[in-house]
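In: predicted model and sequence below, questions to follow.
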Amino acid sequence: MTPPLLEVCGITKRFGGLHVLRGVNLSIGAGELRCIIGPNGCGKTTLFNIITGAFPANAGTVRFRGENITGRSPHVISRLGIARKFQVPGIYPTLAVAENVEIPLLSRHGTARPWSMLRAEARTAERLHGLLARFKLRARAVGAAGALAHGQKQWLEIAMLIASDAQILLLDEPTAGMSATETSATVELIRQLQQEHGIAALVIEHDMNFVRRLACPVVVMLRGAVLFEGGYAEVQAHPEVREAYLGRAARG
Amino acid sequence: MSPPRVGIHLTVVVWLLLAACPLLVSEWRLSQLAQITSYGIFAMSLAFLWGQTGLLCFGQAIFFGVGAYVMALITKGMVSGVGDSTVIGLLAATLLAALVALAAGLLVFRGRGLSGAYFAIVTLAAAVIAERAASHSRFIGGFNGLLDVPPLRYGGAASRVELLAPTPVYYVMLGAAGLAYGLLLWLERSPLGTTLRAVRDNEPRTAYFGFEVSVYKTFSFALSGAMAGFAGGLFVTQFGFVSPALIGVPLSTEVLIWTALGGREVLLAAFLGALVVRSVESLLSEALGYYWLLGLGVLFIASVVIFPRGLLGRLLSLPPPRRMAGPAEPPR
């Protein structure tokens, strides 16, 4: 039996006296989609931080393809194929849009050592411009990324994650600040990436409309633990979830 | 969309003007300019580290000073077994400064490493220590430094020629500056340069893409140190004298001012920053006395606040590397 792509077991995190995560369990297979919802401060982003190696957990393990990766450095975890999108677009504002996409392409070039990079150009150019075309950023290729509209910045960062040859995307509120049209385009994009490239995605999202349209299993977190896991309809029907998270929206 | 070409044209014009200087200025000014050119290379070394990699170094003169001292020791024949030629001296000055920077980089960037203000403060402290250490080392002349450092020379021991005429000296110095500029510009516009700017713009993001950021910071620091050492080695051939003042905080601060005023993100802007400030200084400082320092300080603060890219940075900035524009037609 093949192990799940990403498996989180009993992750616990304390900041001083504050229990941010209390034994979180989560598992996602290759090419699967999963949404994480939960009120602010329930530990969603902290969970991402621990998976990607930003800081160590107090207890528990993270496994990727069966390999224990708990406590490794961010650059090591990234090279395995786990790519993370930040809530505030994690792009390089003063660099050209094309340079932004070149960075993750370069990281997949050899061992990403300075001297191995001088002749990398020929190997990355084709994919670079293919990705820019795919994400409708070709016209802006040589302009500074900081000058893009907010929605375009979000897409640029997703393009960068794809360029890094990720097997799983950890997306922290990918549609924050997007218009309704852009949000539905993003749902489409994530589905396409899953279907065409078999890329799995773990998505933190507040927009319930987005969660409904992505139509994937939903993980509900509350006070540092997983409260419930199920389909969108089940989540909506679950009394505790309605009480804790959907609250007024569910009643209204 | 075609990026502005002004920067390219101006860059060519600046280099042509620099090449034409022997026709435009007096011999005395030219020999001054030859000396100042080494400060220009020094400023480019800092521009690469600070402007491209985002590491603000308050101790850049350590590497300049190491280069100057090594050059003086070798060309004065004080190091046995390596000869006393200009070329050997320059190579050793560059290499030793690079090694010092490499060792320091490995130390401070290890693991999560230092960045931002912490790095700046550590380099400041290091500059103070280096100056003190140089003042108390008898072998390198202690407080008085080393006098009578030979000028640029060529030819073997039997038929050695000293290069003293202002015009050839100036062209040698300008050639060295062009070499340094070419190398740094090539790196800056290569994928490696893009990666260094990525570290500057968003260090955590770059680590999350699989880059071991400390390696890139150390590399940039070592290369910048090498360039500063090269500049220091060239400087003593023109100045003829090396003292602890070359290794300490005051010169480190000065190079910071030249680089910031010119424009830290553009190599040529930093180079001109050094040339212009030092030239104006030699013209005006006698007339203005202490007011010169006051004026320079005010200008520095003004440029940091009003022109964060420096007075020349915007004018001389080049369009992104050509590979960014891609093929004329979209693929497929």
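Out: Ah, there it is.
In: after the stretch of helix or strand residue B:252 belongs to, which helix or strand is next?
Out: Residue B:252 belongs to helix B:249-262 when assigned by DSSP states H and E. Later in the chain than helix B:249-262, the nearest helix or strand by DSSP H and E is helix B:267-288.
In: show me what that next one is packed against.
Out: Judged by 3 or more CB pairs under 8 Å, 6 or more residues apart in numbering or on different chains; DSSP states H and E, helix B:267-288 is in contact with helix B:6-24, helix B:27-46, helix B:166-189, helix B:249-262, helix B:290-306, helix B:313-316. (C-beta placed from N, C-alpha, C; glycine too.)
In: top helix in chain A by residue count?
Out: For chain A, the longest helix by residue count, based on DSSP state H, is helix A:180-197.
In: that helix close to chain B?
Out: No: against chain B, helix A:180-197 shows no contacts by CB under 8 Å from any CB of the partner chain, the least distance being 15.0 Å.
In: list of residues touching that helix?
Out: Here helix A:180-197 makes contact (CB atoms under 8 Å, 6 or more residues apart in numbering or on different chains) with A:31-33, A:151, A:154-155, A:158, A:162, A:169, A:171, A:174-175, A:178, A:199-201, A:203, A:207, A:209-210, A:213-214.
In: how about a cut-off of 7 Å?
Out: Helix A:180-197 is contacted from outside by A:31, A:33, A:151, A:158, A:162, A:174-175, A:178, A:199, A:201, A:207, A:210, A:213-214, using CB atoms under 7 Å, 6 or more residues apart in numbering or on different chains.
In: so how far does stretch A:228-239 reach from one end to the other?
Out: Distance across stretch A:228-239, first residue to last, is 11 Å (CA to CA, to the nearest Å).
In: can you point out the buried residues in it?
Out: Using 16 or more other CB atoms under 10 Å in any protein chain shown as the test for burial, stretch A:228-239 gives A:228, A:229, A:232, A:235, A:236, A:238.
In: wasn't the fifth one part of a helix?
Out: Yes: looking at residue A:236 with DSSP: H, G, I helix; E, B strand; the rest coil, it is inside a helix.
In: measure it to residue A:228 for me?
Out: Relative to residue A:228, residue A:236 is positioned 11 Å away (CB to CB, to the nearest Å).
In: before we move on, what about residue A:155?
Out: 31 Å.
In: quick one, grab the pLDDT at residue A:245.
Out: pLDDT recorded at residue A:245 is 65.
In: likewise for residue A:251?
Out: So, for residue A:251, pLDDT stands at 46.
In: which parts of the stretch 51-200 of chain A are strands?
Out: For the stretch 51-200 of chain A, strands defined by DSSP state E, counting those that start in this stretch occupy the ranges A:59-64, A:67-68, A:82-85, A:168-172, A:200-204.
In: quick one: contacts of the shortest one?
Out: The set of residues that contact strand A:67-68 without belonging to it, under CB under 7 Å, 6+ apart, is residue A:61.
In: partners of that strand in the sheet?
Out: strand A:59-64 (antiparallel) (DSSP bridges).
In: now do the strand it pairs with and strand A:168-172, the angle between them.
Out: Interaxial angle, strand A:59-64 versus strand A:168-172 (axes from the mean of the first three to the mean of the last three CA atoms, to 10 degrees): 130 degrees.
In: okay if I get the contacts of helix A:180-197 as JSON lines plus distance to chain B?
Out: Shown next, in JSON lines, are the contacts of helix A:180-197 (distance: CB to the nearest CB, whole Å):
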{"residue": "A:31", "distance to chain B": "21"}
{"residue": "A:33", "distance to chain B": "21"}
{"residue": "A:151", "distance to chain B": "19"}
{"residue": "A:158", "distance to chain B": "13"}
{"residue": "A:162", "distance to chain B": "12"}
{"residue": "A:174", "distance to chain B": "15"}
{"residue": "A:175", "distance to chain B": "20"}
{"residue": "A:178", "distance to chain B": "20"}
{"residue": "A:199", "distance to chain B": "16"}
{"residue": "A:201", "distance to chain B": "16"}
{"residue": "A:207", "distance to chain B": "24"}
{"residue": "A:210", "distance to chain B": "23"}
{"residue": "A:213", "distance to chain B": "27"}
{"residue": "A:214", "distance to chain B": "23"}
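In: pull the most distant pair out of those residues.
Out: Within these, two members stand farthest from each other by CB to CB: A:31 and A:151, at 26.0 Å.
In: coming back round to it: let me have the contacts of helix A:180-197 in CSV, extended by pLDDT, distance to residue B:209 and neighbour count.
Out: Shown next, in CSV, are the contacts of helix A:180-197 (pLDDT from 0 to 100; distance: CB to CB, whole Å; neighbours: other CB atoms under 10 Å in any protein chain shown):
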residue, pLDDT, distance to residue B:209, neighbour count
A:31, 93, 22, 16
A:33, 95, 23, 19
A:151, 87, 22, 18
A:158, 92, 13, 22
A:162, 91, 12, 21
A:174, 91, 17, 27
A:175, 89, 22, 23
A:178, 87, 23, 20
A:199, 95, 16, 23
A:201, 96, 17, 26
A:207, 87, 27, 19
A:210, 91, 25, 22
A:213, 92, 29, 17
A:214, 92, 25, 23
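In: just give me the closest of those to residue B:140.
Out: residue A:162 (55.9 Å).
In: from residue A:108, how far off is the closest one?
Out: From residue A:162 over to residue A:108 the distance is 11 Å, taken as CB to CB.
In: anything in contact with each of those two?
Out: By CB under 7 Å, 6+ apart, no residue touches both residue A:162 and residue A:108.
In: ok, residue A:22 touching residue A:224?
Out: Yes: between residue A:22 and residue A:224 there is a contact under CB atoms under 7 Å: 4.3 Å.
In: so residue A:8 lies in a helix, does it not?
Out: No: in this structure, residue A:8 is strand, not part of a helix, as judged by three-state DSSP.
In: how much space separates it from chain B?
Out: Per CB to the nearest CB, to the nearest Å, residue A:8 is found 18 Å from chain B.
In: got the phi and psi for residue A:216?
Out: phi -140, psi 170 (degrees, to the nearest 10).
In: pretty sure it contacts residue A:36?
Out: No: between residue A:216 and residue A:36 there is no contact under CB under 7 Å: 10.8 Å.
In: the two: which is more packed in?
Out: Neighbour count, other CB atoms under 10 Å in any protein chain shown: between residue A:216 and residue A:36, residue A:36 has more, with 26 against 19.
In: that one - that's part of a strand, no?
Out: Yes: the assignment for residue A:36 by three-state DSSP puts it in a strand.
In: contacting residues for it?
Out: Residue A:36 neighbours (CB under 7 Å, 6+ apart): A:44, A:202, A:203, A:204, A:219, A:221.
In: next: residue A:137.
Out: Applying CB under 7 Å, 6+ apart to residue A:137 gives the contacts A:97, A:156, A:159.
In: and the pLDDT at it?
Out: At residue A:137, the model reports a pLDDT of 92.
In: hang on, the earlier thing: how about the helices and strands packed on helix B:267-288 in TSV, adding mean neighbour count, distance to chain A and mean pLDDT?
Out: Formatted as TSV, those follow (neighbours: other CB atoms under 10 Å in any protein chain shown; distance: least, CB to the nearest CB, whole Å; pLDDT from 0 to 100):
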stretch	mean neighbour count	distance to chain A	mean pLDDT
helix B:6-24	14	13	95
helix B:27-46	24	17	96
helix B:166-189	18	8	96
helix B:249-262	23	17	94
helix B:290-306	13	17	85
helix B:313-316	21	12	91
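In: and the ones you listed as CSV, adding distance to residue A:90?
Out: Listed next are the helices and strands packed on helix B:267-288 as CSV, based on distance: least, CB to CB, whole Å:
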stretch, distance to residue A:90
helix B:6-24, 29
helix B:27-46, 28
helix B:166-189, 23
helix B:249-262, 28
helix B:290-306, 27
helix B:313-316, 26
